[in-house]
Each structure stands twice: as C-alpha cells, then as structure tokens.
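Asker: Predicted model, plus sequence, below.
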Amino acid sequence: MRWATRAGVHIDRAACAWLLRRFIDPDATFVFVDDPAEVPAEATPFDMRGVELGHHGGDCSFETILRRYQLDDPVLWKLAELVHEADLDDERFDAPEARGLDVILRGLSMVCDDLRVLEVSGPLFNGLYEYYRRALLLGREPA
Amino acid sequence: MTETTVMPRGSVGLGSWVLLAYRLPREPSNPRVGVWRKLERLGVARLGDGLVALPADARTREQIDWLAEDVLEAGGVAMVWLATPGSATQERVIAETMRAARAAEYRAVTEQARHAAIGGDMERTRALRRLRGELRRIARRDFFPPAEREVARAAVDALAADAPVDLPAVVGEGS
C-alpha cells in the first residue's frame, strides 16, 4: 500500500511510518507531499490536517493509528506516550525521554532527506520497542 | 522540504510569521479553554480578537496547523496564514510585547529560586527540579529572549547541590 504524509518528517510521522510498516503493512511505501492537495489518489494520508489518521481529540497521529487499527499492545502504547510528548509536549504523560527523542529527530531531519530519516529512525524505534518490551516484562528498567 | 524562511530567534527584521485566525462557539466552554491554554503554552502574540501570531518555523507552523484542526473539530472556524509585517516598527512592537511576557515569567522563576535558596537541602532540591522544568517550558515559547533569561538560569543553577553557597554577583543582573 502507498501512504502519504507531509514532507519534512519529524517524530510523529517517522514513528507512524515505522508503526505502519512493522505492524500494519509490511510492504508500505511512502510519499511526501508539501500540500494536502498533492496526495496521490491511491495513497492513504497520515499525520496531515483534515485526514482520519491525524491528530484527534488531543491524540497525536501515532495514537490515532493505534486506535484506528485496534493495536492494543501495551509496548506500543508506551511508545505512544514518548511520541505524544516529543510531538505535542503537553505533559499529558511523564516521558522525560521524549525531549531527547525530539532533538534526535530534529537533528536527523536537518542532515537527511525524508526517506533517509525513515531508514535511520527505523532501527531506533525497533530498539525503543525492544527496550520497553523488556521493561514491561521485568517490571523495571532493563540493563 | 516545506521550510519557510526561518527567523533566527531573537532577531527582528520582517521575518515570516504564522497567523491563526479563529472563532469558536461560545458554548461549550471546554474547547474554548483548551484552545486558550494551548495558545498560552505556545506563547503567541495576540494581534486582535481571534487572531494570534508566532514567528514561523517548521515547529510553529505545525503547532498552529494542529491548533487550527482542534478549532475545526470543536465546531469553530480557523484559517492559517503566513504573513510578513507591514513594517519593521510593527514587528518590533509585537516582538517587544512577547519579550516582556517572557521576561515576567523568568522573573517569577528567579524570585522562586532565590526564595528556595535560603531554605533547606530538601527544599532546594525540589525547587531545582521544578524550576528547571519551568525554565524549559518558558524557553520553548521564548522567541525573543530577554536579559532576564540568564538571570533566571543562574538563580536556578545556584540551587544545585554542588553549587557554591556564597555566589558571586550574577553577570548581567540589574541591567
């Protein structure tokens, strides 16, 4: 499937792309547009204004996608807290890691194009997923 | 990439601004309060009734875009514009208003830090953590940093356990 989002990806879009590819659509391809009107007809838009898979009711797009696809994996919801705070910074969750994540993604987007940001951030999100999976199993921070 | 001309923080000079023109229904009041809180957190300049502005960069444009979406979802109307002030004087007035608002916030932090500094270790540690968070929040909406910023930072850093108890005069203080 083809998925479309705004160019100049940052934390929410990078995390959504990882989520889509790993948990929803292994063959996902991505197209980046500057204007909502440029979204190709066959592509599903996400993290854009006025689309279903965007921000809704205080949720960031990553949370919206989890709800929409009924992904109730607690590890993903933990990651959602990080993405939410890195993106919205509204202190709904206690996620001190979010600040670092925000800086890392902002820095990446300064030196990489959008496809490369997804390539580089993919392993990062895989690592975060594994870290919080172990944390959840152990009931404490894994070494 | 969609980046517009980025106005370096602190500089004034006919930069690009992102404007949100919005109107929300009077009732229910919850969304109104929610939007108001978000605008406060973003540190917008209020240009008029239902018209706010921020210096445009990738982050502020996105923040304003999503806020517009919130307004629409709450049954209001919202439009986002990119604009340049008609004159440098006009821009300076807006920037000064924003700077003064942040200066007041930094002064409040300085005052709390100095108050905590004369307290016990526990109080200092608690205040240090809380005020560092507060400084981060203010810094994020501080587009035209006032001199008060450094004073506040120094006052908060002085609360750290290993900071010298007898502090030398803070550079820039009182100016």
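Answerer: Noted; the coordinates are in hand. Because the structure is predicted, anything quoted here is derived from the model rather than measured.
Asker: which secondary structure element contains B:G15?
Answerer: Counting by DSSP states H and E, there is no helix or strand that carries B:G15.
Asker: wouldn't it be in contact with B:A56 here?
Answerer: Yes - here B:G15 lies in contact with B:A56, judged by C-beta atoms under 8 Å, at a distance of 7.3 Å. Any C-beta I mention is one placed from the backbone N, CA and C, and that applies to glycine too.
Asker: Only the buried residues of stretch A:72-84, if you could.
Answerer: A:75-76, A:78-84 (16 or more other C-beta atoms under 10 Å in any protein chain shown).
Asker: Touching it from outside, list them.
Answerer: A:11-12, A:15, A:19, A:23, A:59-60, A:62-63, A:66, A:90, A:92-93, A:95, A:97-98, A:101, A:125, A:128-129, A:132-133, A:135-136 (C-beta atoms under 8 Å, 6 or more residues apart in numbering or on different chains).
Asker: Need the three-state assignment for the residue in chain A that chain B sits nearest to.
Answerer: Residue of chain A nearest chain B, by C-beta to the nearest C-beta: A:G8 (4.5 Å). Here A:G8 is coil, with the state taken from DSSP: H, G, I helix; E, B strand; the rest coil.
Asker: Let me know the pLDDT of the residue nearest to A:L118 when sequence neighbours are not counted.
Answerer: Among residues not flanking A:L118 along the chain, A:A17 sits closest, at 5.0 Å (C-beta to C-beta, 6 or more residues apart in numbering or on different chains). Per-residue pLDDT puts A:A17 at 98.
Asker: Near A:A17, how many residues? Count them for me, please.
Answerer: 24 (other C-beta atoms under 10 Å in any protein chain shown).
Asker: Enumerate every residue touching it.
Answerer: A:3, A:5, A:9, A:28, A:30, A:118.
Asker: By neighbours, which of those residues wins?
Answerer: Counting by other C-beta under 10 Å, top hit in the contacts of A:A17: A:T5 with 28 neighbours.
Asker: show me where pLDDT drops low in chain B?
Answerer: Counting by pLDDT under 70, the ranges of chain B that qualify are B:1-13, B:162-175.
Asker: For it, which residue occupies the most central location?
Answerer: B:R141 (2.6 Å; C-alpha atoms, centre = their mean).
Asker: measure the closest residue to A:S61 other than its chain neighbours to B:V44 for me?
Answerer: Distances taken as C-beta to C-beta, 6+ apart place A:D47 nearest to A:S61, at 3.9 Å, with adjacent residues excluded. Distance, A:D47 to B:V44, using C-beta to C-beta, to the nearest Å: 23 Å.
Asker: and if you look at A:L19?
Answerer: A:L19 sits 31 Å away from B:V44, going by C-beta to C-beta.
Asker: go on, A:G127?
Answerer: Taking C-beta to C-beta, one finds A:G127 at 37 Å from B:V44.
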